[in-house]
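Asker: quick one: sequence and predicted model below, then my questions.
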Amino acid sequence: MLVFLTTIRDAINHWWYEFTLQTKLLAVATLVVSLVMSGLTFWAVNTIQQDARLNDTRFGRDLGLLLASNVAPLIAEQNLTEVAQFSQRFYSSTSSVRYMLYADETGKIFFGIPFWEPEVENSLTIKRKIQLPEDYPDDDDQPMVRQHTTPSGIVTDVFIPLMADKKYLGVLAIGINPNQTAVISTNFTRDVTIAVFITIWVMVILAGVINALTITKPIKELLVGVKQIAAGNFQQRIDLPLGGELGELILSFNEMAERLERYEEQNIEELTAEKAKLETLVSTIADGAVLIDNNMQIILVNPTARRIFAWEGVDVVGKNVLHNLPQSVQIEITRTLYEMAAGECESAEFRIPLHQPTKRTIRILLTTVLNLQRESIKGIAITVQDITREVELNEAKSQFISNISHELRTPLFNIKTYIETLHDYGEDLDIEERQEFLETVNHETDRLTRLVNDVLDLSKLESGRTYNFDGVDLAQALEQTLRTYQLNAKDKGIELVQELDSNLPLVMGNYDLLLQVFGNLIGNALKFTSAGGKVVIRAYQLNPQPDSSFSYHHGNPASLENYANGTPYEHNHLAQVRLEISDTGIGIALEDQQAIFDRFFRVENRVHTLEGTGLGLSIVRNIMERHHSQVHLVSEVGVGTTFWFDLTVFDEEIPPVLLTTTNEISQVTKI
């Protein structure tokens, strides 16, 4: 039973909360009005009933006094027959009298109507006594009136003392029926009031149900739909078979939701495409890019930034950027980042050296990201540039300028000194001294010319000049070089030997550049080899390692493209020819072998023997890099030195290529 009542209560509560505030106020107002009207009606009915009872009381008192005054003398004379006849006539003529009872002074009933009738005659043989009220006065001649409720209605009891010659003879009890007209009117009014009350509430309930079905429910559905639309759920639809204005409203709502859904899908596609473009653009740019919000949380980071800051494999998106940056970077940019987030500055630039994960120098550019109205800061863009190469180039440039200034100053000073001496004291000098001075000037001029030529050659290699690469006959190139240096070797007493394999294939290269390489290496070998020594030039073909992925044979275009993209041929998967230039000269110390190819580095600075520009081997290394090869050396002090490098065999099925040199990247393109 308790569970049933709880269920009913929950249902009523749910039903009540389903109504809108307007419906609840309407129900409360209806309840108040109905209760007030019902109260007024019941108050009126009660007033009518009280007036009817008062009239019944007055009528009963007057009727009882009239009857008592007529029967009291007869009872005093013990003329009961006349009393009975008079009472019968009185009862018959008065419809409002319900009963009439006569009792003596002891209260014993000796006559009553309708109890005298024959059908109840037997009941009169039973001694009966009238039950007088406790407060009934025996010596008072005024009647006493009371009312009691019976199954037939309220009956007014009138007790009239029977007095004759101021002698108490007994009591007359008369029961008066209520006024039927008043009773009927009162009952009718009550019934009408109840009916009106019930009708009002039935109408209110029906109105509430109709309102809930026709108005409230659609409005609630619309409210839920609007909330869903506001929350971004554009798939919300309302399916209620209604007509009229509500039906049109629901139809318009569904059309609006459908248009918003299509618009959202279109926007999502466009945003997805733009995001993909942005991510592709950011991921492919050479500089590192990190986007953070005003709370220093990382929003976007590209692969370059991950590589620079060693974030590969680390999920840093959504984390504080300051907690993941290297310490040296944190120290430099933390304060500036907070100032930019507060709007105190718009941009900043830093140059910071890094030691972890690799040693490099980076430039960090900080820029605020503003909204479309450029009123508020939405985030900060961090651009990270690896300027290690730039720093190295600047240092190399400074070193180059310093070195070349030093190298130019010495011969120019010598030339100027000797020329001034000849100019000022030429007449005082003999012919031999003037000849010696002129030879020194000529020697310094040749030295200056070699230096300038080497600088120009190196500059051409690094200036972006285009060179034609084709098949080169090594035997011819070496023969031309040896003819140039044969006389020099003979004068110095050095044996110049070439050991070339027969039928050497053509190699991929530039003839003039290779001549310059052979000239520099053979010239250096002769310079640092003493009389009686030997310089040997060897050339032989290496056996290629089988590799199905790369091959110049059968015109595989992947090989040429691999060559054009600058892939070094150190994998021995292509046919190559090795060149070796060996001498029995002074050799190169181990500590100098790493720096031997640097600009203006000269071994004679250590041994104090011969002079040179210090650019020859740097030019050789640069030319070999253009041929996608490397120069190697093996040397021992006092024993000799061997320089060697490999050149790729030329394939006639592959067309010649052009090599474009730049400061940083060598790029080969097909003709």
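Answerer: On my side now, so go ahead.
Asker: quick one: the strands in the stretch 151-300 of the chain?
Answerer: Under the criterion DSSP state E, counting those that start in this stretch, the stretch 151-300 of the chain contains strands at 153-164, 167-176, 288-292, 298-301.
Asker: distance to Ser629, mean neighbour count and mean pLDDT added to these, as TSV?
Answerer: Every residue, glycine included, has its C-beta placed from N, CA and C. Formatted as TSV, these follow (distance: least, CB to CB, whole Å; neighbours: other CB atoms under 10 Å; pLDDT from 0 to 100):
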stretch	distance to Ser629	mean neighbour count	mean pLDDT
strand 153-164	134	20	81
strand 167-176	144	20	82
strand 288-292	33	22	88
strand 298-301	38	20	88
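Asker: out of the ones you listed, which gets nearest to Leu251?
Answerer: Evaluated with CB to CB, the strands of the stretch 151-300 of the chain place strand 298-301 nearest to Leu251, the distance being 42.3 Å.
Asker: give the pairing partners of the closest one; include direction for each.
Answerer: The strands that strand 298-301 pairs with in its sheet are strand 288-292 (antiparallel) (by DSSP bridges).
Asker: chain center to the strand it pairs with: distance?
Answerer: Computed by CA atoms, centre = their mean, to the nearest Å, the chain-centroid distance of strand 288-292 equals 17 Å.
Asker: let me see the residues that make contact with it.
Answerer: Contacts of strand 288-292 with the rest of the structure, by CB atoms under 8 Å, 6 or more residues apart in numbering, involve 282, 298-302, 304-309, 321, 337, 362, 369, 379-386.
Asker: quick one: Thr358 from Pro326, how far?
Answerer: Between Thr358 and Pro326 the distance is 11 Å, computed by CB to CB, to the nearest Å.
Asker: who has more neighbours out of those two?
Answerer: Pro326 (17 against 11; other CB atoms under 10 Å).
Asker: related to what we said a few turns ago, quick one: closest of the strands of the stretch 151-300 of the chain to Asn622.
Answerer: Comparison of the strands of the stretch 151-300 of the chain against Asn622 by CB to CB identifies strand 288-292 as nearest, at 30.0 Å.
Asker: using PDB, list the CA coordinates for the closest one.
Answerer: The C-alpha atoms that make up strand 288-292 are tabulated as PDB, following Å, rounded to 0.1, in the frame of the first residue of the first chain:
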ATOM      1  CA  GLY A 288      60.200  25.400 -36.400                       C
ATOM      2  CA  ALA A 289      56.700  26.700 -35.500                       C
ATOM      3  CA  VAL A 290      55.000  26.500 -32.100                       C
ATOM      4  CA  LEU A 291      51.600  28.100 -31.300                       C
ATOM      5  CA  ILE A 292      50.600  28.700 -27.700                       C
END
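Asker: my guess is Ala475 contacts Leu500. True?
Answerer: Yes. Taking contact to mean CB atoms under 8 Å, the distance of 5.7 Å between Ala475 and Leu500 places them in contact.
Asker: so what's in contact with those two at the same time?
Answerer: Overlap between the contact sets of Ala475 and Leu500, as judged by CB under 8 Å, 6+ apart, is given by Ala539.
Asker: so where's the stretch 401-550 of the chain shaky on pLDDT?
Answerer: Judged by pLDDT under 70, the stretch 401-550 of the chain has its weakly predicted residues at 402-404, 406-407, 410, 447, 450-451, 454-455, 457-465, 544-550.
Asker: can you show me the helices along the stretch 51-200 of the chain?
Answerer: Remark: helices assigned in the stretch 51-200 of the chain by DSSP state H, counting those that start in this stretch are 80-93, 121-124, 180-211.
Asker: got the angle for the first one vs strand 167-176?
Answerer: Between the axis of helix 80-93 and that of strand 167-176 there is an angle of 20 degrees, by axes from the mean of the first three to the mean of the last three CA atoms, to 10 degrees.
Asker: which elements pack onto helix 80-93?
Answerer: Other helices and strands packing on helix 80-93, by 3 or more CB pairs under 8 Å, 6 or more residues apart in numbering; DSSP states H and E, are helix 21-76, strand 97-104, strand 109-113.
Asker: returning to that earlier point: now tabulate the helices of the stretch 51-200 of the chain in TSV and tack on mean pLDDT.
Answerer: TSV is the format used below for the helices of the stretch 51-200 of the chain (pLDDT from 0 to 100):
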stretch	mean pLDDT
helix 80-93	83
helix 121-124	44
helix 180-211	72
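Asker: reformat the ones you listed as TSV; add distance to Leu633.
Answerer: Converted to TSV, the helices of the stretch 51-200 of the chain look like this (distance: least, CB to CB, whole Å):
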stretch	distance to Leu633
helix 80-93	159
helix 121-124	156
helix 180-211	102
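Asker: want to try TSV for those helices, with distance to Leu513 and mean neighbour count as columns?
Answerer: Output for the helices of the stretch 51-200 of the chain, formatted as TSV (distance: least, CB to CB, whole Å; neighbours: other CB atoms under 10 Å):
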stretch	distance to Leu513	mean neighbour count
helix 80-93	158	15
helix 121-124	157	11
helix 180-211	98	13
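Asker: of the ones you listed, which is nearest Gln594?
Answerer: Each of those has some distance to Gln594 by CB to CB; the shortest is helix 180-211, at 95.7 Å.
Asker: ok, Lys378 - contacts?
Answerer: Lys378 sits next to 293-294, 369-371 when contact means CB under 8 Å, 6+ apart.
Asker: restricted to helices, list the residues you listed.
Answerer: The helices in this structure, assigned by DSSP state H, contain none of the contacts of Lys378.
Asker: just the buried ones from the residues you listed?
Answerer: Under a neighbour-count criterion of 16 or more other CB atoms under 10 Å, the subset of the contacts of Lys378 counted as buried comprises 293-294.
Asker: return the member of the contacts of Lys378 nearest to Ser34.
Answerer: For Ser34, the closest of the contacts of Lys378 turns out to be Asn371, at 60.4 Å, with distances computed as CB to CB.
Asker: Gly532 in helix, strand or coil?
Answerer: Reduced to three states with DSSP: H, G, I helix; E, B strand; the rest coil, the structure at Gly532 is coil.
Asker: and the gap between it and Val472?
Answerer: According to CB to CB, Gly532 and Val472 sit 33 Å apart.
Asker: those two - which one has more neighbours?
Answerer: Set side by side, Gly532 and Val472 show unequal neighbour counts under other CB under 10 Å, the larger going to Val472 at 22 against 10.
Asker: residues contacting the closest residue to that one other than its chain neighbours?
Answerer: Leaving out its chain neighbours, the residue that sits closest to Val472 by CB to CB, 6 or more residues apart in numbering is Gly509, at 4.5 Å. With contacts defined as CB under 8 Å, 6+ apart, Gly509 is in contact with 469-470, 472, 627, 647.
Asker: show me which of those are buried.
Answerer: Taking 16+ other CB under 10 Å as the criterion, what is buried in the contacts of Gly509 is 469, 472, 627, 647.
Asker: in strands, which of these appear?
Answerer: With strands identified by DSSP state E, the entries of those that belong to them are 469, 472, 647.
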